[in-house]
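1. just coords:
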């Protein structure tokens, strides 16, 4: 089987903007946000934002109310602003303002999402275009760099820089793309969702956006009304969708999973629910900016891919998967440093294990926990637990979940003689008051001591 | 206490803990409509594993996921150690 999706025909020095790509390929393709959908060619030909003053020197933060506004702003700004900082929906207003200061943001859209916080000096609110919205947009001037958030271990979010080519090169052009309607459970403001969005937009397909808080039945009804043909989500999204009887009313031609470790039961359940429909799973990493796809219906990937020549080269070092590709042109923004080693390999941080002829993903080297596609840094949760009186030490680790891949579990060492029931209640109420729901430990175990490495750090790898 | 009651009680306590409002529950109620979201449901399954000592989602060979509360109880009953 081919190991890699063919690259898009992109010459890096001849930059085509997202709007140009959409205009060139969107013959009748639509963007479905809430109901009937909007014509994508129309979006690409219309000026929605006041772009005066946006130049290759501008850094624009996109923090939008919803996914529809995000897509429109992306199509408007790509090729005009030098840098775009793409905020996922869960970056708080205060963190966003801090990122503006740290990364020299010049403009923000949409200011209304900042909950009344004052803009730092030098940051301007980007307004909707006034006057004739039919005016052709100014000629694009630059190869926009896209900056995305990645999960750091401390409170300060890290940004990773991507070029357009790096985000899209692994995307297979959909043959005979006419009539392709992509649907995704993801939020397109996150890495996995953005990849799906770009796949749809550059391939000429239509796209159905999910809405946060939308009941599954309503989303399935919209997918059905739009005639979805290609449907993508995390394994957790799919497990949830498989519990809905309406799901099998859809008539997709291709199903895709990514964003979490894919297990065999969810692949088998999808094959049973949609007999004969190809099911692919993809590995992508925000940091490595590269991806590969597995289409044989089995979890993991062939061990023979390790060390084989190809567009993406793989090797395993210290138990983690390292990738090298010509297009891995990413680096941390600011003072974060370079991601590559001397030979150009990027450590994905994903632990892999060989069983027979197959390689399987078994977790993150850093201990980062993936709860249904949302990352949790154990250190962040430990800091909250450790702030509770009578807690001596804690270790936060993943607990396997057949539904969300993992849940957060904590081992706690209490001061001797503590009332464990009362302490448990204190820890949980403190966590619930400070942390988002997916970061609150689901199980909490009191232990006498925690294992340490020879270097005196908490042992995480086998946690 | 029977399995049905244990599951219903646990759904109630997860919902309370997660600040979710439950609709009246019947065997025909769809899991998607019971008031728990995907995280709430994952927590329910983890708590039931702690309480019952088994997790049919992790062990069942059945590739069909339960869709209603009645099917969920049956799913657990089928996996319960004899």
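-> Here it is on my side, so go on. Since we're looking at a predicted model, the values are computed, not measured.

2. ok, residues contacting the lowest-mean-pLDDT helix or strand in chain B?
-> Using mean pLDDT, DSSP states H and E, the weakest-scoring helix or strand in chain B turns out to be helix B:56-59, at a mean of 85. Residues from elsewhere that reach helix B:56-59 (C-beta atoms under 8 Å, 6 or more residues apart in numbering or on different chains): A:400, A:402, A:403, B:45, B:49, B:75, B:76, B:78, B:79. Where C-beta positions appear, they are placed from N, C-alpha and C, glycine not excepted.

3. Find the nearest non-adjacent residue to the fifth one, please.
-> The shortest distance from residue B:49 to any residue other than its chain neighbours is 4.1 Å, reached at residue B:55 (C-beta to C-beta, 6 or more residues apart in numbering or on different chains).

4. wait, residue A:123 sits on residue A:111?
-> No. Using C-beta atoms under 8 Å as the test, residue A:123 is too far from residue A:111 to be in contact (9.0 Å).

5. ok, those two, which is more surrounded?
-> Applying other C-beta atoms under 10 Å in any protein chain shown to residue A:123 and residue A:111 shows that residue A:123 carries more neighbours, namely 20 against 17.

6. So for residue 52, what pLDDT did the model give?
-> You didn't pick a chain, so chain A it is. Reported pLDDT at residue A:52 in the predicted model: 85.

7. Actually, chain B is the one I wanted.
-> On the pLDDT scale, residue B:52 gets 93.

8. Could you look up the SS state of residue A:438?
-> helix (DSSP: H, G, I helix; E, B strand; the rest coil).

9. which residues does it contact?
-> Shown in contact with residue A:438 (C-beta under 8 Å, 6+ apart): A:371, A:372, A:374, A:376, A:408, B:39.

10. change it to 6 Å
-> Counting by C-beta atoms under 6 Å, 6 or more residues apart in numbering or on different chains, residue A:438 makes contact with A:371, A:374, B:39.

11. So which of these is the closest to residue A:198?
-> Distances from residue A:198 to the contacts of residue A:438, taken as C-beta to C-beta, are shortest for residue A:374 (21.3 Å).

12. follow-up on the earlier one: identify each buried residue in the least confident helix or strand of chain B, please.
-> Judged by neighbour count using 16 or more other C-beta atoms under 10 Å in any protein chain shown, the buried positions of helix B:56-59 are B:56, B:57.

13. Report the distance from that helix to the chain centre.
-> Chain-centre distance of helix B:56-59: 12 Å, with C-alpha atoms, centre = their mean, to the nearest Å.

14. Now, the contacts of helix B:56-59 that are in helices?
-> Judged by DSSP state H, the contacts of helix B:56-59 include B:45, B:49, B:75, B:76, B:78, B:79 as members of helices.

15. And the strands in the stretch 1-150 of chain A?
-> Per DSSP state E, counting those that start in this stretch, the stretch 1-150 of chain A carries strands over the ranges A:30-32, A:38-39, A:59-62, A:83-86, A:107-109, A:124-125, A:145-150.

16. Could you provide those in a markdown table, with additional columns for distance to residue A:387, mean pLDDT and mean neighbour count?
-> Compiled in a markdown table, the strands of the stretch 1-150 of chain A are given as follows (distance: least, C-beta to C-beta, whole Å; pLDDT from 0 to 100; neighbours: other C-beta atoms under 10 Å in any protein chain shown):
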| stretch | distance to residue A:387 | mean pLDDT | mean neighbour count |
| --- | --- | --- | --- |
| strand A:30-32 | 45 | 90 | 22 |
| strand A:38-39 | 47 | 86 | 16 |
| strand A:59-62 | 31 | 96 | 24 |
| strand A:83-86 | 30 | 94 | 24 |
| strand A:107-109 | 32 | 96 | 25 |
| strand A:124-125 | 36 | 94 | 14 |
| strand A:145-150 | 25 | 86 | 22 |
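
17. Between the ones you listed, which one is closest to residue A:249.
-> strand A:30-32 (17.1 Å).

18. Could you single out the nearest of the contacts of helix B:56-59 to residue A:83?
-> For the contacts of helix B:56-59, the nearest to residue A:83 is residue A:403 (37.7 Å; C-beta to C-beta).

19. Please name the nearest non-neighbouring residue to that closest one.
-> What sits nearest to residue A:403 in space, not counting adjacent residues and going by C-beta to C-beta, 6+ apart, is residue B:42, at 4.1 Å.

20. Would you mind naming the helix or strand containing that neighbour?
-> Using DSSP states H and E, residue B:42 maps to helix B:38-52.

21. Near the residue of the stretch 51-200 of chain A found nearest chain B, how many other residues are there?
-> The minimum distance from the stretch 51-200 of chain A to chain B, using C-beta to the nearest C-beta, falls at residue A:185 (10.0 Å). Counted with other C-beta under 10 Å, residues neighbouring residue A:185 total 23.

22. who are the neighbours in contact with it?
-> Contacts for residue A:185 (C-beta under 6 Å, 6+ apart) come out as A:210, A:233, A:237.

23. got the contact list for stretch A:361-369?
-> A:151, A:261, A:320, A:349-353, A:375-378, A:398, A:406, A:408, A:460.

24. near chain A, which residues of chain B show up?
-> B:31-32, B:38-39, B:42-43, B:45-46, B:57-58, B:63, B:65, B:67 (C-beta under 6 Å from any C-beta of the partner chain).

25. Kindly indicate the member of the residues you listed with the most neighbours.
-> Counting by other C-beta under 10 Å, top hit in these: residue B:42 with 28 neighbours.

26. can you give me the strands for the stretch 351-463 of chain A?
-> Using DSSP E, counting those that start in this stretch, strands in the stretch 351-463 of chain A cover A:358-364, A:369-371, A:374-376, A:391-401, A:405-414, A:443-446.

27. mind putting these in CSV, distance to residue A:385, mean pLDDT and mean neighbour count included?
-> What follows is the strands of the stretch 351-463 of chain A, written out as CSV (distance: least, C-beta to C-beta, whole Å; pLDDT from 0 to 100; neighbours: other C-beta under 10 Å):
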stretch, distance to residue A:385, mean pLDDT, mean neighbour count
strand A:358-364, 20, 88, 19
strand A:369-371, 14, 91, 24
strand A:374-376, 13, 85, 21
strand A:391-401, 4, 91, 20
strand A:405-414, 6, 94, 23
strand A:443-446, 9, 94, 15
